[in-house]
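Asker: coordinates only, sequence not included:
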């Protein structure tokens with residue numbers, strides 16, 4: 001498929017948390033679909049940008065903290081200056097930590113909420129106005145299937161933040177649906193990435209056997225859903241949360 005015939009040719013996509021893991025895989029698939037891609041992370045994204053350069057799409061690698069309001073505003077201005085617009089926003093940046101509920105400090109709670117929930121809020125607010133003005137936009141928030149399943153202790157703040165992401169997704173879909181903007185969420189199951197801990201992998205394997213899940217997830221298992229949701233094929237799909245976890249959460 002040539003770049004000109006790819007279904008996202010001419011679109012500009014921004015992916016947060018793009019320096020590695022799921023974010024890097026999302027960015028690569030969007031580029032393969034023909035989109036120009038902005039890579040955003042608190043870590044350098046140069047290695048991913050080099051991989052995308054071979055696909056003959058325009059790229060921009062930016063270092064920014066999505067929980068920093070000023071940094072997000074400056075990023076949005078930079079993207080607009082470079083590309084003229086942003087059509088697709090993938091709010092992927094996030095992190096988790098394992099802490100028993102009684103041991104979660106207010107600082108720890110706020111740090112996690114700032115990235116996982118406030119980050120998608122700030123990024124969406126910074127870019128949605130321009131999408132609305134043009135009458136076309138796609139926002140995809142990366143949630144987690146932990147919101148719909150039982151987990152061992154230690155994930156309270158993470159699950160709460162991802163539940164908030166799902167609520168944000170539904171609210172934005174209602175507010176901007178009449179303006180040609182769709183907003184959906186993908187809830188991955190545990191997926192093998194460099195940040196996946198061995199302990200979590202062992203827990204997944206136990207759940208996989210118990211629930212008859214076919215196998216452990218890979219980043220490549222999620223990119224197809226993303227490519228669909230940001231395309232014209234999904235113009236009538238909004239406000240939805242898609243569990244992409246091999247069937248661990250059903251319903």
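Answerer: Ah, there it is. Keep in mind that this is a model prediction, so the values were computed, not measured.
Asker: quick one: residue 89 is in a strand?
Answerer: Yes. Counting by DSSP: H, G, I helix; E, B strand; the rest coil, one finds residue 89 located in a strand.
Asker: Okay, helices next: where are they in the stretch 101-250 of the chain?
Answerer: Counting by DSSP state H, counting those that start in this stretch, the stretch 101-250 of the chain has these helices, from start to end: 106-113, 119-134, 156-176, 198-211, 220-229.
Asker: If you count neighbours, what's buried in the shortest one?
Answerer: Residues of helix 106-113 classed as buried under the neighbour-count rule (16 or more other C-beta atoms under 10 Å) are 112-113. All C-beta spots, glycine's among them, are computed from the backbone N, C-alpha and C.
Asker: Quick one: list the elements packing against that helix.
Answerer: Of the remaining helices and strands, those touching helix 106-113 by 3 or more C-beta pairs under 8 Å, 6 or more residues apart in numbering; DSSP states H and E are helix 156-176.
Asker: returning to that earlier point: got TSV for the helices of the stretch 101-250 of the chain, with mean pLDDT and distance to residue 93 too?
Answerer: Putting these into TSV (pLDDT from 0 to 100; distance: least, C-beta to C-beta, whole Å) gives the following:
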stretch	mean pLDDT	distance to residue 93
helix 106-113	98	12
helix 119-134	98	5
helix 156-176	97	11
helix 198-211	56	19
helix 220-229	95	15
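Asker: Show me the one of the ones you listed that comes nearest residue 100.
Answerer: Of all those, it is helix 156-176 that lies closest to residue 100, at 8.5 Å by C-beta to C-beta.
Asker: for that closest one, packing partners?
Answerer: With contacts taken as 3+ C-beta pairs under 8 Å, 6+ apart, helix 156-176 sits against helix 106-113, helix 119-134, strand 137-142, strand 181-188.
Asker: Swap in 10 Å and give it another go.
Answerer: Under the contact criterion of 3 or more C-beta pairs under 10 Å, 6 or more residues apart in numbering; DSSP states H and E, the helices and strands touching helix 156-176 comprise strand 88-91, helix 106-113, helix 119-134, strand 137-142, strand 181-188, strand 241-244.
Asker: What separation do you get for residue 29 and residue 80?
Answerer: Remark: distance between residue 29 and residue 80 (C-beta to C-beta, to the nearest Å) = 24 Å.
Asker: So for those two, which residue has more residues nearby?
Answerer: When residue 29 is set against residue 80 and neighbours are counted by other C-beta atoms under 10 Å, the residue ahead is residue 29, at 22 against 15.
Asker: What's the first helix or strand after the helix or strand where the more buried one lies?
Answerer: Here residue 29 sits within helix 21-32, counting by DSSP states H and E. Of the helices and strands lying after helix 21-32 in sequence (DSSP H and E), the nearest is strand 36-41.
Asker: What count of nearby residues applies to residue 23?
Answerer: The burial metric for residue 23, expressed as a neighbour count using other C-beta under 10 Å, is 25.
Asker: repeat for residue 249
Answerer: As a burial measure, the neighbour count of residue 249 was computed by other C-beta under 10 Å and equals 17.
Asker: List the contacts of the residue sitting furthest away from the middle of the chain.
Answerer: Taking C-alpha atoms, centre = their mean, the residue of the chain most remote from its mean C-alpha position is residue 102, at 29.4 Å. Contacts here follow C-beta atoms under 10 Å, 6 or more residues apart in numbering; on that basis residue 102 touches 153, 156.
Asker: How much space separates it from residue 112?
Answerer: Where residue 112 is concerned, residue 102 sits at a distance of 16 Å (C-beta to C-beta).
Asker: How about residue 8?
Answerer: The spacing between residue 8 and residue 112, counted by C-beta to C-beta, is 32 Å.
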